[in-house]
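# when you get a sec, could you give me coordinates for this:
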Amino acid sequence: MNRARPQEGLLPDPLAFFLTWPTYGTWLPGDARGWVLYSVGNQHPDEFRQHIAEMRMTEDACRLDAEQRRLVETTVTRHCEIRDWELFAVNCRSNHLHVVFNGNLHPDVMRTQFKAWCTRRLKERDIARGVTLAEVRQKWWAERGSCRYINDEVSLEAARLYVRDAQDHPHKY
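Numbering: from 1, shown residues only. Below you'll find the model as predicted:
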């Protein structure tokens with residue numbers, strides 16, 4: 001998956017990818033924490049835009065409990081094993097997920113696969129617990145997410161440590 005820049009030619013494949021994506025409805029356009037406009041970049045808070053996004057939501061915001069978080073982490077781990085992708089770290093929080101890994105597809109494709117398999121497993125869990133098909137949540141994840149290319153060992157270790165250790169102590173790193 002060589003990346004090309006017209007002025008530089010092909011770049012070497014990254015050592016890893018650092019993917020992050022939120023659960024559905026927990027980080028909307030206009031959010032007071034700031035937000036990212038696809039293909040544009042970081043944006044300032046915008047209460048009106050956030051209100052519009054909230055009005056368009058078709059389900060409540062998704063917050064994962066401890067059991068759901070473990071299921072997501074297990075699903076990501078298993079998917080990496082099946083695909084022969086190297087997993088360096090995974091941490092599912094109540095409102096977002098971090099994965100540091102190396103795979104052989106475009107990171108957007110791999111993120112889509114992770115989301116799809118996690119959604120499938122979460123729905124199966126609900127159905128096994130007696131939730132009717134009509135009541136099963138349909139939207140678990142935000143549409144997109146972020147991807148950082150990791151190109152050196154120092155950055156890989158920093159990402160791995162951040163995902164593993166810094167989620168409850170964000171100012172530590």
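# which residues does His98 bridge with?
Thr20, Asn91 (DSSP bridges).
# okay but it is in contact with Phe88, surely?
No - between His98 and Phe88 there is no contact under Cβ atoms under 8 Å: 10.6 Å. Where you see a C-beta, it was placed from the backbone N, CA and C, and this is true even at glycine.
# got the buried residues for stretch 58-76?
Using 16 or more other Cβ atoms under 10 Å as the test for burial, stretch 58-76 gives 62, 64, 68, 71-73, 75-76.
# poorly predicted segments of this structure, please.
1-9, 35, 168-173 (pLDDT under 70).
# spatially central residue for it, please.
Trp21 (2.6 Å; Cα atoms, centre = their mean).
# once you drop chain neighbours, what's closest to that residue?
Gly145 (2.8 Å; Cβ to Cβ, 6 or more residues apart in numbering).
# for that neighbour, give me its contacts.
Contacts for Gly145 (Cβ atoms under 8 Å, 6 or more residues apart in numbering) come out as 19-22, 111.
# and the strands in the chain?
Remark: strands assigned in the chain by DSSP state E are 3-5, 9-11, 16-22, 35-37, 41-43, 86-92, 96-102, 146-150.
# possible to save these as a markdown table with distance to Trp140?
Formatted as a markdown table, the strands of the chain follow (distance: least, Cβ to Cβ, whole Å):
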| stretch | distance to Trp140 |
| --- | --- |
| strand 3-5 | 30 |
| strand 9-11 | 33 |
| strand 16-22 | 10 |
| strand 35-37 | 20 |
| strand 41-43 | 24 |
| strand 86-92 | 11 |
| strand 96-102 | 10 |
| strand 146-150 | 17 |
